[in-house]
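**Q** sequence plus predicted model, see below.
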Amino acid sequence: MDLLALADFNLVARHGGFGRAARAAGRPKATLSRRVSELEGALALRLFERGARTLTLTEEGRALHERTGMLLAELDETAAAIASGGAKPRGRLRVSAPLLFSQVAMGKLAAEFAVKHPEVRLEVTTDDRAVDMVEEGYDLVIRVNPETDESLVGRVFLRDRLVVVASPALGQPRGNRPVPAVVRGPGGGDSWKVKVQDGTPRIPFEPVLRLSSMIMVRDAVRAGVGAASLPISLVSHDLAAGRLVHWGDVEGPDIALWTLYPSRRLLSARVSAFLDHLKQAFPQGTPDELASYIGT
């Protein structure tokens, strides 16, 4: 299989069209179209359904993109590292990270990185909003379940999940009677849908406290004032020690933490070193690893 043609196919699939892919890569649209057609011919498969104004992946094209996109990304990163000649990371590295992850893990991560790479001047800012990496001068951002951005590439390095927990003194929820709850910020609905062995029941709740951070929510739950939906990594030690009890996993997608950066091909030694540092801290990217790392 022609790896260059495969890379062009993934470029078009990622950007959703030949024109957008050509503009993003600075390459002729006709060249990308020809290379994808050659790949389809070599595989004897149609990878795209081509409409007058639309371009969509076929089932075979979607499977090929899902299975080869990350492999090609890792090949690019390896080639970039070799091309850099193993240059020692140095200079300024600006990172933006979300509030909760910063509170529980970034201080320790940053300190370990500084010891490991003393010639890098690491700056970490905390922000949950979407930042403009180019305008605001960030080299790398960490975000939770980010929206797709064609100008950025990255990968998931950690996964977590939400669970409903409470103090044992609160007792188990019964019937449709609302339980007292601690919630983060305004809104948030009036019930949790949880996964248990017998199905996915709803647990109605009545907020008794509204707090602005997950750390405060956890501390209030520890104090017994109400139940809450919290990341399992934040409460696993409390559950193991019996300080809190587990009412069920919240139904819905997992929490995925992504590292995002503008260009894979121009990845600096500083960014590569920080990505490696995260990989060493969380080899499998599981909630248990995060819980063990933060140790609370």
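**A** Thanks, I have the structure now.
**Q** in this structure, which strand has the most residues?
**A** Assignment by DSSP state E gives strand 202-211 as the longest strand of the chain.
**Q** quick one: average pLDDT of that strand?
**A** Here strand 202-211 scores 94 as its mean pLDDT.
**Q** who does it pair up with?
**A** Strand 202-211 sits in its sheet next to strand 179-184 (parallel), strand 191-195 (antiparallel), going by DSSP bridges.
**Q** which residues are in contact with that strand?
**A** When contacts are defined by Cβ atoms under 8 Å, 6 or more residues apart in numbering, strand 202-211 is touched by residues 164, 173, 176-186, 188, 190-194, 217, 220, 225-227, 247-248. Backbone N, C-alpha and C define where each C-beta goes, glycine included.
**Q** report the angle between whatever helix or strand comes next after it and strand 179-184.
**A** Counting by DSSP states H and E, the next helix or strand C-terminal to strand 202-211 is helix 214-222. Counting by axes from the mean of the first three to the mean of the last three Cα atoms, to 10 degrees, helix 214-222 lies at 160 degrees to strand 179-184.
**Q** packing partners of helix 214-222?
**A** strand 179-184, strand 202-211, strand 228-231, helix 232-241 (3 or more Cβ pairs under 8 Å, 6 or more residues apart in numbering; DSSP states H and E).
**Q** of those, which stretch is the most buried?
**A** Of all these, strand 228-231 has the most neighbours on average by mean count of other Cβ atoms under 10 Å, namely a mean of 25.
**Q** what helices and strands are in contact with that strand?
**A** By 3+ Cβ pairs under 8 Å, 6+ apart, strand 228-231 packs against strand 162-166, strand 179-184, helix 214-222.
**Q** to Glu147, which of the ones you listed lies closest?
**A** Among those, strand 162-166 comes nearest to Glu147, with 19.4 Å by Cβ to Cβ.
**Q** list of residues touching that closest one?
**A** Residues contacting strand 162-166 (Cβ under 8 Å, 6+ apart): 179, 192, 194, 203, 221, 226-232, 235, 238-239, 244-250, 252, 255.
**Q** could you dump the strands paired with strand 202-211 to TSV with distance to Arg129 and mean pLDDT?
**A** As requested, the strands paired with strand 202-211 are arranged in TSV below (distance: least, Cβ to Cβ, whole Å; pLDDT from 0 to 100):
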stretch	distance to Arg129	mean pLDDT
strand 179-184	16	95
strand 191-195	26	91
